[in-house]
Every structure is written in C-alpha cells, then in structure tokens.
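>>> The sequence isn't on hand, but the structure is:
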Ligand SMILES: CC(C)=CCC/C(C)=C/CC/C(C)=C/COP(=O)(O)O
C-alpha cells in the first residue's frame, strides 16, 4: 500500500503539471494535518516560474522526507536505541478506540498497583506489615482450604454437613481449574516489584491474572454466608476478610488491581455455578454412598 505522504506528492506533482500549479492544498481531498504540512513544504520550495518536477525534487529534501527511506536523502547521524523497558511496563499501541481505552486502563492499573505495593519488599514503606500480609495470604491459600474441607468432610457425621462440604470441595476444585486455565491463557506476568516467595505454588502461579486468592475469597465468603447461620458480626468479619485479603495481594506486590478485581468477580460467578449444579444425595447418590459405611 502506498503511504499517504507519497500519494500526496504524486497528486501535487500531477496538479502542478496538469493545471499549472493552480490546485490549492487546503482544498485537496487528502485533508490531514501532516499531509497539509507536506503540501506547504512543497509549495514553499516552489518559485512561480519553477518546473513542477524541480519543486518536487526540492520538497523531497525536506526534513519530513529525510526521516523516511528516500534514497536521495543524506543519512542523519545514527542514534543509539533507548534501553528496553521491563515487559510489564510496556504498552502496545492499538489504533482502535477500544484498544486505546484498554491500554489506558492497563497503564493506570500498573501505576496504581505499583504505588499500592507498599509491602512488596522488607525495605518498602510498609515493609514491617509484610508478615501480617503473608499471614493473610496463608489464610486464603488453596492447600489450606482444600485440605481443611477434605478433613472436615471425612470427620463429618451428618448428611446435611456432608452435603455442604462436598459442594465446598467441588467449588474449590472448580476454582483451582478455572484460575489455572485463565492464568495459562492470559499469561500476564506478576508485577516487577513482586518477590516470588509464595508458599506452595504451581508453574501457572508465575502469572498474575486472575488472583487465585481473590477468587477463593469471594467464592468461599459467598458460600459461607449462604450456607452457615452466623451472627451479624461474624458475617461482617467474613466480608472484611475477603476484602482485606484482596487488598493485601496488591500491597504485597503479588498482583495488579485488575487481577484482584477480576478475581472477585470470577469468585462471585463461581459460587453461582456451584449453586446451580448443587450436588445432593438425590442427584449424585454415588458420591454420598462413599459415607454409607459410617
Ligand atoms: C492439593 C492441591 C493440588 C492443592 C493446590 C492448592 C493451590 C490452589 C495452590 C496454589 C496456591 C497459590 C500460590 C495460588 C496463587 O494465588 P494468587 O492469588 O497469587 O493468584
């Protein structure tokens, strides 16, 4: 495809040759700012009696043309390339409106997340709160929730309790699979300020989108609020735990804000899926028969 610059040059030369230089650039059909500038460069190089072809030749020596790969232009002094930025700080330009909006959102996300990562290092401004944040991290860890639920299920001696625990186990496994799939698909790197010192993580856990802790926090808290009869202060505490756990992921530098926000959303949806496919002794008697010996 020929560039607009080149087609404008051709048009100017043609109008100069054909109409004796009478075509005004401002009225040309190619009305962009840089195109008009080129037209002006072309005309300013043109004396009233000059040949159109000579004017075109001089115009090709303008700085605009020298920047391109025109073979007549003298080469500018080579500049050393700028040092490469870390991959997660780079933005790819997309000319579509949606692309620009998304790129801007991601740039804001990176900036806010970096500023919020106040516990990312021991020497960070809130570095002394790092042990507390890591305690929160353990409270939402998949191993703890899976092992705890399996143990309670094994110990449970009521059918109602087993039914709830089987579904919690199903919810946690669904969460594990969906988060691993999304992390593997999206492959968004963790923030550059993160210290990868997480207890028991898989290979996909080098990726940050979505936050597995945030999905689990939203899923488990919604599950508990629906299936356990708790006093109001305890219910508030559970919601607070989920929120602070999500916040701590960004403060620890493990995640960007959008990883956690999407994680909360996904965890919320996961609970709806579990509720829709609720497992009971009526629809999957085989699973519940495992306990019939008790
Ligand atoms: C028994 C078994 C296979 C347990 C897997 C438990 C599990 C989900 C481990 C990964 C925990 C982890 C480090 C997740 C990363 O969470 P982010 O919030 O950093 O995404």
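On my side now, so go ahead. Quick caveat, the model's predicted, so the values are computed rather than measured.

>>> can you list the weak-confidence ranges in this protein?
Residues of the chain that meet the criterion pLDDT under 70 lie in 1-76, 85-95, 292-294.

>>> Kindly tell me how buried the residue of it found nearest the ligand is, as a neighbour count.
Using CB to the nearest ligand atom, residue 142 is the residue of the chain that sits closest to the ligand, at 2.3 Å. (Each C-beta comes from the backbone N, C-alpha and C, glycine too.) Residue 142 is flanked by 20 other residues according to other CB atoms under 10 Å.

>>> backbone phi and psi for it, please?
When quoted as degrees, to the nearest 10, the phi and psi of residue 142 stand at phi -60, psi -40.

>>> Near the ligand, which residues of the protein are found?
141-143, 146, 176, 198, 200-202, 205, 211-213, 249, 254 (CB under 6 Å from any ligand atom).

>>> among the residues you listed, which are in strands?
Using DSSP state E, no member of the residues of the chain next to the ligand falls in strands.

>>> Out of the residues you listed, list just those in helices.
Among the residues of the chain next to the ligand, the members falling in helices (DSSP state H) are 142, 143, 146, 176, 212, 213, 249.

>>> My guess is the first one contacts residue 173. True?
If I follow you right, that is residue 142. No - using CB atoms under 8 Å, residue 142 is not in contact with residue 173; the gap is 9.8 Å.

>>> Please parse this structure into its domains.
The chain is divided into the following domains under automatic domain parsing: 4-66, 117-289.

>>> how about those domains, which one is nearest residue 108?
With CB to CB as the criterion, residue 108 lies closest to domain 117-289 of these, at 8.8 Å.

>>> what's the span of that closest one from first residue to last?
49 Å (CA to CA, to the nearest Å).

>>> Please shift the residue numbers so they start at 31 in all later answers.
Got it, the first residue is 31 from now on, which makes the last one we talked about domain 147-319.
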